[in-house]
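A.B. asks: Structure for the following, please:
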Amino acid sequence: MSKHLDDLLDRIRALQEDVEEEYRQQREDWQARRAQLAGEWASQQRRYKVGLWRFLRRSSLLAILTAPVIYLGWIPFLLMDLFVTVYQAICFPVYRIPKVRRSDYLVFDREDLPYLNAIEKFNCFYCSYGNGVAAYTREVAARTEQYWCPIKHARRIRAAHERYPRFFEHGDAEAFRQGLARLRRQYGDDPPRSPD
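C.D. replies: Numbering: from 1, shown residues only. Down below sits the predicted model:
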């Protein structure tokens, strides 16, 4: 990978860190404001709560009829979560691949929002779990790919994971053979450095 591309990726990561820092600061400011106005805040938030019956009456018939299909997603999410957790517990130590912290990907912090009714809280929990499992699975798969096959595809792929830009170019056998052992050791919080 070229130095210019490395620099661009570093700038993207720096911008992502800046965005995360801005989000963190806004969360802190919000928490401070919330603490100051705790009682007033909760009662103000509750005013926006839509009761269960009103919520159901406002829902379309199709939304109600498709809900069971959506909630059936629990089964594959649970199975994927279980499989990925067992998979990395067994396989990652053998290859000295650092384990992915599941708790970094599964975040449940919406249940205390007073403006959500029970169905909305359940929906938020479901979406947090599904998206968290998907992100957790993606990182486990990315680390697996980094170890076993860190080669870019010949065609452009959509939404490649963070480690992908550092993989070897498609067809570059020399770089692959010379750099594979090094790339297999480049794990951690940051995506790996360029293999060439």
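A.B. asks: Residue 142 is in contact with residue 162, correct?
C.D. replies: Yes: at 7.1 Å, residue 162 and residue 142 qualify as touching, with contact defined as CB atoms under 8 Å. From N, CA and C alone the C-beta is placed, and that goes for glycine too.
A.B. asks: hey, where'd the helices end up in the chain?
C.D. replies: 3-36, 38-46, 52-58, 61-71, 74-95, 118-148, 173-183 (DSSP state H).
A.B. asks: OK, contacts around the nearest residue to residue 188 once chain neighbours are set aside?
C.D. replies: Take residue 188 and drop its neighbours on the chain: the residue closest to it by CB to CB, 6 or more residues apart in numbering is residue 98, 7.0 Å away. Residues near residue 98 by CB atoms under 8 Å, 6 or more residues apart in numbering: 92, 143, 187, 188.
A.B. asks: between these, which is nearest residue 12?
C.D. replies: Checking the contacts of residue 98 against residue 12 by CB to CB gives residue 188 as the nearest, at 17.6 Å.
A.B. asks: Can you report how many residues lie near the closest one?
C.D. replies: Using other CB atoms under 10 Å, residue 188 has 8 other residues around it.
A.B. asks: Just the pLDDT for it.
C.D. replies: For residue 188, the pLDDT comes out at 70.
A.B. asks: So it versus residue 107, what's the distance?
C.D. replies: Distance of residue 188 to residue 107, computed by CB to CB, to the nearest Å: 21 Å.
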